[in-house]
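Chemist: Sharing a sequence plus its predicted fold:
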Amino acid sequence: MIRQTDEEWYREMLDRYRNLKKVTFECPNCGHLQSIEDFVTLGLDATRAYRDCLGRYVDNLDCQFSVDDGDCSFDNVRIIVLKDGSECKVFNFI
């Protein structure tokens with residue numbers, strides 16, 4: 001498990017991808033690779049790209065996983081510590 005502040009997470013995304021739309025995440029449940037751009041192209045909330053499998057929104061993927069309502073191993077997600085001290089789970093980048 002990777003634990004980092006939201007600033008560290010954002011900086012790592014920029015360092016790795018340069019273009020935030022190209023940031024690619026892996027669903028910890030099914031392994032589907034999805035980018036922020038995939039969500040934007042479909043008119044979906046881009047902030048869900050790192051929390052929900054795209055399968056929640058399209059029919060051709062058989063995965064409904066979300067870190068918000070599913071138990072998942074901490075080995076397959078990152079824990080982001082927000083400015084207020086609360087934590088949230090997000091998918092790992094590729």
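Modeler: That came in fine, so what should we check first?
Chemist: C-alpha from now on. contacts and neighbour counts both.
Modeler: OK.
Chemist: Just to be sure, residue 13 is in a helix?
Modeler: Yes. Under DSSP: H, G, I helix; E, B strand; the rest coil, residue 13 falls within a helix.
Chemist: you'd agree residue 26 is up against residue 36?
Modeler: No. Taking CA atoms under 8 Å as the contact criterion, residue 26 and residue 36 are not neighbours in contact, 11.4 Å apart.
Chemist: list the buried ones in the lengthiest strand in the chain?
Modeler: When the chain is parsed with DSSP state E, its longest strand is strand 87-93. Using 16 or more other CA atoms under 10 Å as the test for burial, strand 87-93 gives 87, 88, 89, 90, 91, 92, 93.
Chemist: what are the ranges of the strands in the chain?
Modeler: Across the chain, reading from the start of the chain, the strands by DSSP E fall at 2-5, 24-26, 33-35, 77-81, 87-93.
Chemist: would you turn those into TSV with mean pLDDT and distance to residue 41?
Modeler: Conversion of the strands of the chain to TSV gives the following (pLDDT from 0 to 100; distance: least, CA to CA, whole Å):
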stretch	mean pLDDT	distance to residue 41
strand 2-5	95	28
strand 24-26	96	14
strand 33-35	98	10
strand 77-81	95	24
strand 87-93	94	19
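Chemist: so which of these comes closest to residue 43?
Modeler: Ranking those by distance to residue 43, with CA to CA as the measure, places strand 33-35 first at 13.1 Å.
Chemist: how about residue 19, what does it touch?
Modeler: The neighbours of residue 19, taking CA atoms under 8 Å, 6 or more residues apart in numbering as the test, come to nothing; the list is empty.
Chemist: Show the model's pLDDT score for the residue lying farthest from the centre of the chain.
Modeler: Most distant from the centre of the chain: residue 84, at 20.2 Å, with distances by CA atoms, centre = their mean. Looking at residue 84, its pLDDT reads 98.
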